[in-house]
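Student: this one's sequence-less:
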């Protein structure tokens, strides 16, 4: 049985299906309204399960869900807790895929928080669920370095697509009793969900920290700033630190757009003014009639 909802869980479901696991049920969150038109849309896992002709259970909570008899349950970003009554229902319990090397960064946003804190790597852990969040014994884990200037969303997609074999191999060992889980050791750290306020850029910080934090909140919850009283989303910034200019001041030079910080500046590449589509920073500045200041 597989429980998951967003796009990042899809590669694992597909891999288990391709590896000929007998998937008795796919649990995913209920369809929700998406976009400006509010079109009712299934989750990414729901769409994939339908294409694979797998039985689907749509539920935003597992409290009242009845599950079929299975050897093992698999959880990848389902979006809800597995209640204690269900933990022992599968013969071999539940295996959870978590994107950190546990016990570091337990919680909802391990990749984002790793980047936010300036870590050079995140990772993957496959562990057995217990009542305490992300505290169960670990079957498999390894560190995965961040690449270049990738955002948290890009890193998460890459990690998911590159670790499906690890999940398939680990599950085969678990259901044949060929591997035992190891209790987590060391002091845990935590990775709470990123909030919209986390996405608000503090231009008093140094340029390097701002660039790193923008990567951490892209694409969720998204980086933004206030420019002359209007909210502007930041889609992409350059990785190199720009020249020193006054804090918050927006300067265009030779086709490039910079914002001053507590030290040096950050080059804006893509922005989205309120009510408009994403555009190049140079096009945005070109359309302004007054000087711009980020707050």
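Tutor: Arrived safely. Remember, predicted model here, so these are calculated numbers, not experimental data.

Student: can we go C-alpha only for contacts and neighbour counts from here?
Tutor: Fine.

Student: what sits up against stretch 151-161?
Tutor: Identification of contacts with stretch 151-161 by Cα atoms under 8 Å, 6 or more residues apart in numbering yields 8-9, 11-12, 99, 111-112, 115, 123-124, 144, 146-147, 214-220.

Student: what about those, which are in strands?
Tutor: 123-124, 144 (DSSP state E).

Student: could the residues you listed go into JSON lines alongside distance to residue 27, pLDDT and neighbour count?
Tutor: JSON lines is the format used below for the ones in strands among the contacts of stretch 151-161 (distance: Cα to Cα, whole Å; pLDDT from 0 to 100; neighbours: other Cα atoms under 10 Å):
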{"residue": "123", "distance to residue 27": "25", "pLDDT": "97", "neighbour count": "22"}
{"residue": "124", "distance to residue 27": "22", "pLDDT": "98", "neighbour count": "23"}
{"residue": "144", "distance to residue 27": "28", "pLDDT": "98", "neighbour count": "19"}
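
Student: list only those of the contacts of stretch 151-161 flagged as buried.
Tutor: 8-9, 11-12, 99, 111-112, 115, 123-124, 144, 146, 214-220 (16 or more other Cα atoms under 10 Å).

Student: any idea how far stretch 218-236 is from the chain center?
Tutor: 18 Å (Cα atoms, centre = their mean, to the nearest Å).

Student: same question for stretch 139-158.
Tutor: The answer for stretch 139-158 is 10 Å, by Cα atoms, centre = their mean.

Student: what's the span of that stretch from first residue to last?
Tutor: Start-to-end span of stretch 139-158 (Cα to Cα, to the nearest Å) is 21 Å.

Student: going forward, begin numbering at 37 instead of 1
Tutor: Yep, numbering from 37; the last one is stretch 175-194 now.

Student: what comes up buried for that stretch?
Tutor: Buried-residue list, stretch 175-194, by 16+ other Cα under 10 Å: 175-177, 180, 182, 186-189, 191-192, 194.

Student: got the domain ranges for this structure?
Tutor: Using automatic domain parsing, the domains assigned to the chain come out as 38-211, 232-322.

Student: nearest to residue 223, of these?
Tutor: domain 38-211 (6.8 Å; Cα to Cα).

Student: quick one: the helices in the stretch 137-286 of the chain, in order.
Tutor: 146-152, 188-198, 200-211, 243-253 (DSSP state H, counting those that start in this stretch).

Student: how about TSV for those helices, with mean pLDDT and distance to residue 220 added?
Tutor: Formatted as TSV, those follow (pLDDT from 0 to 100; distance: least, Cα to Cα, whole Å):
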stretch	mean pLDDT	distance to residue 220
helix 146-152	97	16
helix 188-198	97	22
helix 200-211	98	17
helix 243-253	96	26
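
Student: so which of these comes closest to residue 327?
Tutor: Between the helices of the stretch 137-286 of the chain, helix 243-253 lies closest to residue 327; by Cα to Cα that is 21.0 Å.

Student: contacts only, for residue 173.
Tutor: 163-165, 217-220.

Student: now with 7 Å, please.
Tutor: 163-164, 217-220 (Cα atoms under 7 Å, 6 or more residues apart in numbering).

Student: perfect, that will be all.
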